[in-house]
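Chemist: sequence first, predicted coordinates after that:
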Amino acid sequence: MTVDQMTPLADRRGSAPAAGRAGSRRHTSVVTRRHRAFYMFAAPWIIGFALLTVAPMAYALWLSFTTFDGISPNWHYVGLGNYRELFSDAQTWRSLGRTGLFAITSVPLSIVAGLGLAVLVNRPLKARGLFRTLLYLPAVVPPVGAGIAFKQLFDQNSGAANGVLNLFGIDALGWLADPYARYVLIMTVLWTAGNIMIISLAGLQDIPRELLEAARIDGASAWRSFRSVTVPLLSPVLLFQTVTGVIASVQTIMPLLLAPDPTPAGITALPQSTYLYMMHVFAEYFAFGRYGYASALLWVLFVLILVATGLIFRATSGVVFYNVDPEAKK
Amino acid sequence: MTATSPTATDPTATRPVRVASAPRPAPRIRVNRLVLYTALVAITGLFLGPFGWLVISGLKTPAELAASPVHWLPEHIQWHNFADAYRLIDFLGYARNSLVIALIYATLVTLSSAWVGFGFARLEAPGKKTLFAILLGSMMLPQMITLLPTYLIFAKLGMVDTYWPWVLWGLSSAPYLVFLFRQFFAGLPRELEEAAIVDGCGWSGIFWRIFLPQSWPVLSASFVIAFTWTWGDYIAPQLLLSTDRTTLAVAVMSTYVTSAGTPVTNLQAAASVMYVVPILLIFLVAQRGFVAGTATTGLK
């Protein structure tokens, strides 16, 4: 559905300025009015973006050069002082490493899981609509609900996870403490793989049937045609999933929601294995009130995300195939 | 099974061999299906497990919840936990707060995103391509990064502990929803606006009178998606609203404690069931819109 829809859209967009130009020969004012109309329609987003995104980021950049703490009137400009401190702070590097590890494990796992589920529910099965709905369901459970559900599930005493382990004669594990908390964190991500399933499913249904049939006639096995036809054609979808997945995993607040004490003060008591970079930011911000330093941490994270997405796009530029319909090119 | 190997390389040989072995694949397919259904049912069970366990936890006594090894099912189902969870905190008040900001945000953001999406779909102007690239790029901008400085700015403007931030966020549209509307509006036929232009109708008139009434499916999908975001949001209300004005998400997370300060986990579980169920119901009713929304943005 998706790629098919894109092409006619691109077509139409291509013809729109042409129509405008044809009209312009007669009434120039129609074109300028149309331009003005565009800005009138785009204005809410342009103004909102400037005031609610660009301005806060600029403000944070300014704060990152100061010792501002929100209370003390004696804050001052320290230049790159916060940045120098940040790079020599062992906690910054450790939490950054954990965040990287979390992204590198949870993103590929959830993409593989989501794609696997999509392939399963793309088959002609009875009640597949029901399966799709139920598998997607966890993706709409609010994070707070998910956090509480996982806390109950992995509770050391009353949790079902340890209950199952007991059935096999294994002693109860402290799932929500080190070192296991990180695995619970990854499981909360995998739990919402239905999100990726739905997007992959839309991609799967776009793959021209003829291509898969041609592969079969050529004698390709199911696995071979999946690898050589399905995956390349899905690659833009998978790339999108990777980029958004990395950005989401960097921002996850799940450790906070799984913590015994979800208040800002409790952030500092989080299990070390789930003390991600964002938790470090929260701790500096809420627990220590160091707004300037936390702003520097945020800006470093922002730059790192830009670099990471740039690298992902660059690394995949040769492997991602955009299905350009030859019909659309003429 | 033996018949399949010689056919692999010679396409002309496939037909006769297939016909000859026609009765054979049938049972094999049935076994496959059985495996498939078993796997699907097992995975679905695993996916629904955490939520099921939450419900079960909400029906136990505190003693059963603390018991080790685990009590799988409550001995006597404690239905009153739900009533207690409702009474222990000002549940209705928090639910009303959640509802109010979700309605404010979802209504405004749906209209503003439709408005912006219409511009990007049907109008042309120099710089539009760049703006659209920025719009799509901003979808990838981590929101957490802007949220903390946004809080400081709102604090300066005296908008902390009011619902103004949600009004402003709503008015400024959301890239994800703008993209959804742009896709939809771009797909409508050109004839729709042509007659109106000839009649001298302005672009905003065309939007309100012709395009918006056509877009009920996207309007409802956008409204539901935005409502769910706000209902599920934890960090923004936690940052911006005081304990009385905050939302159910924050309240369920942090207010289920006895006067001695010990958490009451069975009531918290019951409360979070009551907090999650409305969203699940909305999802089940509106799942088509949900799925369409998610699937469209994924293709980018």
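Modeler: Structure's in. What do you need?
Chemist: what about residue 72, which SS state?
Modeler: Reading this off chain A. coil (DSSP: H, G, I helix; E, B strand; the rest coil).
Chemist: actually it's chain B I care about, not the one you picked
Modeler: Secondary structure, three-state DSSP: B:Trp72 is coil.
Chemist: just checking, it touches A:Asn166?
Modeler: No - using Cβ atoms under 8 Å, B:Trp72 makes no contact with A:Asn166, being 10.6 Å away. C-betas here are computed from N, CA, C, even on glycine.
Chemist: of those two, who's got more company?
Modeler: Between B:Trp72 and A:Asn166, counted using other Cβ atoms under 10 Å in any protein chain shown, A:Asn166 has the larger neighbour count: 14 against 10.
Chemist: so for residue 123, what's the nearest residue that isn't a sequence neighbour?
Modeler: Here I'm looking at chain A. Leaving aside its sequence neighbours, A:Arg123 sits nearest to B:Leu36 (Cβ to Cβ, 6 or more residues apart in numbering or on different chains; 6.8 Å).
Chemist: switch to chain B, that's the one I care about
Modeler: Nearest to B:Leu123 is A:Phe38, by Cβ to Cβ, 6+ apart, at 3.8 Å.
Chemist: and whatever residue of the stretch 1-150 of chain B ends up closest to chain A, what pLDDT?
Modeler: Relative to chain A, the nearest point of the stretch 1-150 of chain B is B:Gly119 (2.6 Å; Cβ to the nearest Cβ). Among the per-residue scores, B:Gly119 shows a pLDDT of 95.
Chemist: helix or strand for it, which one?
Modeler: Here B:Gly119 sits within helix B:91-122, counting by DSSP states H and E.
Chemist: packing partners for that helix?
Modeler: Contact here means 3 or more Cβ pairs under 8 Å, 6 or more residues apart in numbering or on different chains; DSSP states H and E; on that basis helix B:91-122 packs against helix A:28-49, helix B:128-138, helix B:164-171, helix B:175-186, helix B:216-232, helix B:248-254.
Chemist: model confidence over the shortest one, on average?
Modeler: In this model, helix B:248-254 has an average pLDDT of 90.
Chemist: can you name the next helix or strand after that helix?
Modeler: helix B:265-298.
Chemist: quick one: mean pLDDT over that next one.
Modeler: For helix B:265-298, the mean per-residue pLDDT is 84.
Chemist: that one vs helix B:91-122, what angle?
Modeler: Between helix B:265-298 and helix B:91-122, the angle comes out at 0 degrees (axes from the mean of the first three to the mean of the last three Cα atoms, to 10 degrees).
Chemist: buried residues of helix B:265-298, list them for me.
Modeler: Across helix B:265-298, burial judged by 16 or more other Cβ atoms under 10 Å in any protein chain shown covers B:265-276, B:278-280, B:282-283, B:286-287, B:289-298.
Chemist: also stretch B:86-97?
Modeler: B:86, B:88-89, B:91, B:94-95, B:97.
Chemist: dump those to CSV, plus pLDDT.
Modeler: What follows is the buried residues of stretch B:86-97, written out as CSV (pLDDT from 0 to 100):
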residue, pLDDT
B:Tyr86, 91
B:Leu88, 87
B:Ile89, 87
B:Phe91, 92
B:Tyr94, 94
B:Ala95, 95
B:Asn97, 95
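Chemist: low-confidence stretches in the chain?
Modeler: Picking chain A for this. Within chain A, the segments meeting pLDDT under 70 span A:1-28, A:323-330.
Chemist: ah, I was thinking of chain B
Modeler: Applying pLDDT under 70 to chain B flags the ranges B:1-31, B:259-261, B:295-300.
Chemist: and the residue of chain B that's closest to chain A?
Modeler: Nearest residue of chain B to chain A: B:Ser172, at 2.0 Å (Cβ to the nearest Cβ).
Chemist: quick one: residues contacting that residue.
Modeler: Neighbouring residues of B:Ser172 by Cβ atoms under 8 Å, 6 or more residues apart in numbering or on different chains: A:44-45, A:47-49, A:51-52, B:112.
Chemist: repeat the analysis, applying 7 Å as the threshold.
Modeler: Residues near B:Ser172 by Cβ atoms under 7 Å, 6 or more residues apart in numbering or on different chains: A:44-45, A:47-48, A:52, B:112.
Chemist: of the residues you listed, which is the nearest to A:Asp261?
Modeler: Of all the contacts of B:Ser172, A:Leu52 has the smallest distance to A:Asp261: 31.2 Å, by Cβ to Cβ.
Chemist: could you check how far that closest one is from B:Trp169?
Modeler: To B:Trp169, A:Leu52 is 7 Å away according to Cβ to Cβ, to the nearest Å.
Chemist: neighbour-wise, which of those two wins?
Modeler: Taking neighbours as other Cβ under 10 Å, A:Leu52 and B:Trp169 compare with B:Trp169 leading, 22 against 18.
Chemist: correct me, but the more buried one touches B:Tyr105?
Modeler: Yes - because the distance of 6.2 Å satisfies Cβ atoms under 7 Å, B:Trp169 is recorded as touching B:Tyr105.
Chemist: list residues touching both of these two?
Modeler: Taking Cβ under 7 Å, 6+ apart as the contact rule, B:Trp169 and B:Tyr105 touch no residue in common.
Chemist: circling back: now the helix holding B:Gly119: how far from the chain's centre is it?
Modeler: Using Cα atoms, centre = their mean, to the nearest Å, the distance from the centre of helix B:91-122 to the centre of the chain it belongs to is 13 Å.
Chemist: and what of stretch A:94-111?
Modeler: 12 Å.
Chemist: tell me which element whatever residue of the stretch 151-300 of chain A ends up closest to chain B falls in.
Modeler: When scored by Cβ to the nearest Cβ, the stretch 151-300 of chain A has A:Ile199 as its residue closest to chain B, at 3.1 Å. For A:Ile199, the element it lies in under DSSP H and E is helix A:194-204.
Chemist: from the chain's centre, how far out does the following helix or strand past that helix sit?
Modeler: With elements assigned by DSSP H and E, the helix or strand that comes after helix A:194-204 is helix A:209-217. Between the centre of helix A:209-217 and the centre of its chain there are 33 Å (Cα atoms, centre = their mean).
Chemist: by contact count, what packs against helix A:209-217?
Modeler: Other elements packing on helix A:209-217 under the criterion 3 or more Cβ pairs under 7 Å, 6 or more residues apart in numbering or on different chains; DSSP states H and E are helix A:222-225.
Chemist: what sits up against the helix or strand just after the helix it packs on?
Modeler: Later in the chain than helix A:222-225, the nearest helix or strand by DSSP H and E is helix A:231-250. For helix A:231-250, the external contacting residues (Cβ under 7 Å, 6+ apart) are A:99, A:102-103, A:106-107, A:110-111, A:189, A:196, A:199-200, A:203-204, A:207, A:277-278, A:301, A:305, A:308-309, A:312, A:316, A:319-323, B:140, B:142, B:298-300.
Chemist: quick one: helix A:231-250 to chain centroid distance?
Modeler: The answer for helix A:231-250 is 8 Å, by Cα atoms, centre = their mean.
Chemist: and stretch B:277-297, by the same measure?
Modeler: Distance, stretch centre to chain centre, for stretch B:277-297: 6 Å (Cα atoms, centre = their mean).
Chemist: residues contacting it, please?
Modeler: Here stretch B:277-297 has contacts from A:2, A:133, A:137, A:140, A:142, A:195, A:198-199, A:202, B:176, B:179-180, B:183, B:217, B:220-221, B:224-225, B:228, B:231-232, using Cβ under 7 Å, 6+ apart.
Chemist: dump it to PDB, keeping only the CA atoms.
Modeler: This file holds the C-alpha atoms of stretch B:277-297, laid out as PDB (Å, rounded to 0.1, in the frame of the first residue of the first chain):
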ATOM      1  CA  VAL B 277      -8.100   0.100  30.000                       C
ATOM      2  CA  PRO B 278      -9.600   3.300  28.500                       C
ATOM      3  CA  ILE B 279      -6.700   3.400  26.100                       C
ATOM      4  CA  LEU B 280      -7.100  -0.200  25.200                       C
ATOM      5  CA  LEU B 281     -10.800   0.300  24.500                       C
ATOM      6  CA  ILE B 282     -10.100   3.300  22.400                       C
ATOM      7  CA  PHE B 283      -7.500   1.300  20.500                       C
ATOM      8  CA  LEU B 284      -9.800  -1.600  19.900                       C
ATOM      9  CA  VAL B 285     -12.600   0.700  18.600                       C
ATOM     10  CA  ALA B 286     -10.300   2.800  16.500                       C
ATOM     11  CA  GLN B 287      -7.600   0.200  15.500                       C
ATOM     12  CA  ARG B 288      -8.100   0.800  11.800                       C
ATOM     13  CA  GLY B 289      -7.200   4.400  12.100                       C
ATOM     14  CA  PHE B 290      -4.300   3.500  14.400                       C
ATOM     15  CA  VAL B 291      -2.900   1.000  12.000                       C
ATOM     16  CA  ALA B 292      -3.300   3.200   9.000                       C
ATOM     17  CA  GLY B 293      -1.500   6.000  10.900                       C
ATOM     18  CA  THR B 294       1.400   3.900  12.000                       C
ATOM     19  CA  ALA B 295       1.800   2.200   8.600                       C
ATOM     20  CA  THR B 296       1.800   5.500   6.700                       C
ATOM     21  CA  THR B 297       4.500   7.100   8.700                       C
END
